[in-house]
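Chemist: got a sequence here, can you build the structure:
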Amino acid sequence: MLVKLFGAAVQGIDATLITIEVNCSRGIRFMLVGLPDASVKESHERIVSAVEVNGLKFPRQQIVINMSPADIRKEGSAYDLPLAVGILAASGSVSRARLGDYLIMGELSLDGTILPLRGALPIALMAREKGFKGFVLPVANAKEAAVVEGLDVYGVNNIREVAAFFNGEQELCPTKIDLQREFLEGRSSFELDFSDVKGQENVKRALEVAAAGGHNVILIGTPGSGKSMMAKRMSSILPPFSLEEALETTKIHSVAGKTDLGRSLMTARPFRSPHHTISDVAMVGGGAYPQPGEISLAHNGILFLDELPEFSRNVLEVMRQPLEDRKITISRAKFTVDYPAGFMLVAAMNPCPCGYHNHPDKKCICPPGAVQKYLNKISGPLLDRIDIQIEIVPVPFEKISDPVPAEQSADIRKRVVRAREIQLHRFKNRKGIFCNAQMNGRMLREYASPDQRGMQLLRAAMERLNLSARAYDRILKVSRTIADLEGNEQVQPSHLAEAINYRNLDRANWAL
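Modeler: I've put the predicted structure just below:
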């Protein structure tokens with residue numbers, strides 16, 4: 001008997017429908033075709049054990065299974081459940097009447113328990129788009145898939161429940177969630193807060209400006225000055241997720257298997273902090289079977305690179321295009337995958353190999369030229385994409401011991417949100433532009449053109465501080481954000497002056 005049922009393959013962050021055809025006839029062979037990988041081919045042993053342990057009858061016949069489209073590679077063990085249900089239906093142990101109404105996915109253990117899978121959310125979105133009535137999947141992934149409205153999501157624990165459901169012997173309750181409550185829950189709850197940071201008011205101001213305009217930022221300071229401490233608190237002042245951003249970010253983490261099981265949506269912006277020994281493939285994504293890299297896992301959030309000069313030059317250089325395009329394209333011989341990469345880069349570094357260049361008390365012991373050589377590990381094109389460069393000095397004892405609490409992240413976040421709302425209104429007719437950091441040259445002339453006094457100040461700064469030409473656009477972008485924080489329509493000289501102070505590494509004598 002021939003039966004058809006449906007599964008899915010995840011490509012990039014989207015899912016493709018897979019039709020599974022199972023035919024049982026006279027004979028003893030088991031054949032699986034349709035470009036399955038090794039883990040799919042190994043499903044036979046898992047299916048036989050799971051079926052027999054649960055009191056179901058595995059057919060002693062020839063079984064031929066086709067998975068189409070045949071030109072898409074079928075990867076992973078999540079096809080175990082649809083293959084098992086198809087075999088049971090083809091042999092008459094499971095009713096085939098309702099199989100076409102449901103999409104089925106899940107990995108089987110030897111005792112028939114259904115294990116979690118990757119990509120539940122994009123598969124559920126595809127199932128709704130294709131008009132399926134429901135989606136049968138592991139119970140651990142049910143909340144994640146239940147985010148999709150208009151689709152019945154059935155979380156199951158073992159294969160016996162699935163067989164009973166299709167035979168009409170047992171009713172399954174679809175998983176329901178309060179999407180609004182799930183989305184709002186945890187959006188404003190953070191373990192780390194800027195109120196823990198004593199002193200460093202100028203650095204906190206720079207990070208507020210960076211968060212308000214979506215600007216990339218680099219922190220340069222001696223060991224123990226608080227670079228990592230402040231970078232880890234950046235998430236607490238970024239604007240809350242919109243529902244669209246939460247869905248998109250959850251899809252990426254779902255595909256990578258990084259979501260919290262038992263939860264529906266990610267409610268906090270991601271904060272990714274890879275070690276400096278990371279490879280370029282792990283950073284941008286890829287592999288034999290492409291998976292999202294760190295820059296995609298940081299989408300709509302922060303990518304924190306501590307000890308920036310210690311990263312491999314290849315790793316840093318492959319980030320240049322994603323920083324500009326906000327996506328990464330991974331090409332293979334037979335297919336191309338696009339992953340979003342709209343992250344905010346926050347980097348930290350020591351000023352020199354010994355760490356004490358420009359320290360107010362300790363003397364730098366690096367030999368002549370070592371500071372410049374250390375800085376040269378970071379290429380000019382990469383620095384060109386970092387809008388704010390801020391130097392950090394150690395906090396004096398009087399500030400550390402001050403009992404008065406510092407400003408809380410919630411208060412800073414309110415100002416950031418107001419500034420972002422101004423930018424969203426400004427760019428509402430500009431496709432793909434959401435914040436000041438994404439403005440091109442034409443937009444700068446339209447929205448960030450200084451007056452005559454401001455232009456004179458900018459010219460004097462360029463000449464006196466010997467700033468590079470690439471700093472010009474960055475200063476205008478940052479000054480536009482500072483004006484938005486103050487609610488000013490026009491970029492003022494004071495805004496430009498503050499933005500100029502955020503270009504430390506562009507000064508010709510900084511490394512001397």
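
Chemist: give the contact list for the nearest residue to residue 362 once chain neighbours are set aside.
Modeler: In space, and not counting its chain neighbours, residue 362 is closest to residue 356: 4.4 Å by C-beta to C-beta, 6 or more residues apart in numbering. From N, CA and C alone the C-beta is placed, and that goes for glycine too. Contacts for residue 356 (C-beta atoms under 8 Å, 6 or more residues apart in numbering) come out as 222, 362, 363, 364, 365.

Chemist: equivalent analysis for residue 386, please.
Modeler: Residue 386 is in contact with 216, 217, 218, 345, 347, counting by C-beta under 8 Å, 6+ apart.

Chemist: any idea which of those residues is closest to residue 271?
Modeler: Using C-beta to C-beta, residue 345 comes nearest to residue 271 of the contacts of residue 386, at 12.2 Å.

Chemist: and after the helix or strand harbouring residue 304, which helix or strand comes next?
Modeler: Following DSSP states H and E, one finds residue 304 within strand 302-305. Per DSSP H and E, the first helix or strand lying C-terminal to strand 302-305 is helix 313-317.

Chemist: circling back: quick one: strands adjacent to the strand holding residue 304?
Modeler: When sheet partners are counted by DSSP bridges, strand 302-305 sits next to strand 271-272 (parallel), strand 344-349 (parallel).

Chemist: quick check: residue 488 touching residue 495?
Modeler: Yes - shown here, residue 488 and residue 495 form a contact pair, counting by C-beta atoms under 8 Å, at 7.3 Å.

Chemist: between the two, which one's more packed in?
Modeler: The residue with more neighbours, out of residue 488 and residue 495, is residue 495; 26 against 14, by other C-beta atoms under 10 Å.

Chemist: so the closest residue to residue 11 other than its chain neighbours versus residue 377, what's the distance?
Modeler: When the adjacent residues along the chain are set aside, residue 11 lies closest to residue 337, with 6.3 Å between them (C-beta to C-beta, 6+ apart). Distance, residue 337 to residue 377, using C-beta to C-beta, to the nearest Å: 31 Å.

Chemist: filter the contacts of residue 356 to the buried ones?
Modeler: 222, 364 (16 or more other C-beta atoms under 10 Å).

Chemist: widest-spaced pair of the contacts of residue 356?
Modeler: 222 and 365 (12.8 Å).

Chemist: host element of residue 124?
Modeler: Here residue 124 sits within helix 120-129, counting by DSSP H and E.

Chemist: quick check: buried residues in that helix?
Modeler: Within helix 120-129, the residues scored as buried using 16+ other C-beta under 10 Å are 120, 121, 122, 123, 124, 125, 126, 127.

Chemist: got it, and stretch 429-442?
Modeler: By 16+ other C-beta under 10 Å, the buried positions in stretch 429-442 come out as 433, 434, 435, 436, 437, 438, 439.

Chemist: just confirm the first one is within a strand.
Modeler: The one in question is residue 433. No - membership of residue 433 in a strand is not supported by DSSP: H, G, I helix; E, B strand; the rest coil, which gives coil.

Chemist: which ones are touching the spatially most central residue of the chain?
Modeler: Closest to where the C-alpha atoms of the chain average out (C-alpha atoms, centre = their mean) is residue 297, at 2.7 Å. Contacts for residue 297 (C-beta under 8 Å, 6+ apart) come out as 252, 253, 256, 258, 270, 272.

Chemist: take those and keep only those in helices.
Modeler: 252, 253 (DSSP state H).

Chemist: selection in ChimeraX covering whichever of the contacts of residue 297 are buried, please.
Modeler: Selection of buried members from the contacts of residue 297 for ChimeraX, criterion 16+ other C-beta under 10 Å:
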select :252,253,256,270,272
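
Chemist: tabulate the contacts of residue 297 (CSV), appending pLDDT.
Modeler: Formatted as CSV, the contacts of residue 297 follow (pLDDT from 0 to 100):
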residue, pLDDT
252, 94
253, 93
256, 90
258, 89
270, 93
272, 95
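
Chemist: distance to residue 417 added to the contacts of residue 297, as a markdown table?
Modeler: Below are these laid out as a markdown table (distance: C-beta to C-beta, whole Å):
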| residue | distance to residue 417 |
| --- | --- |
| 252 | 24 |
| 253 | 24 |
| 256 | 29 |
| 258 | 27 |
| 270 | 19 |
| 272 | 23 |
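
Chemist: against residue 327, how distant is the nearest residue to residue 345 once chain neighbours are set aside?
Modeler: Spatial nearest neighbour of residue 345, excluding adjacent residues (C-beta to C-beta, 6+ apart): residue 216 at 4.1 Å. Residue 216 is 16 Å from residue 327, where distance means C-beta to C-beta.

Chemist: more neighbours, the two?
Modeler: Neighbours were counted for residue 216 and for residue 327 using other C-beta under 10 Å; residue 216 has more, 21 against 15.

Chemist: number of residues surrounding the residue nearest to residue 102 when sequence neighbours are not counted?
Modeler: Closest residue to residue 102 apart from its sequence neighbours, by C-beta to C-beta, 6+ apart: residue 134 at 4.8 Å. As a burial measure, residue 134 scores 19 neighbours (other C-beta under 10 Å).
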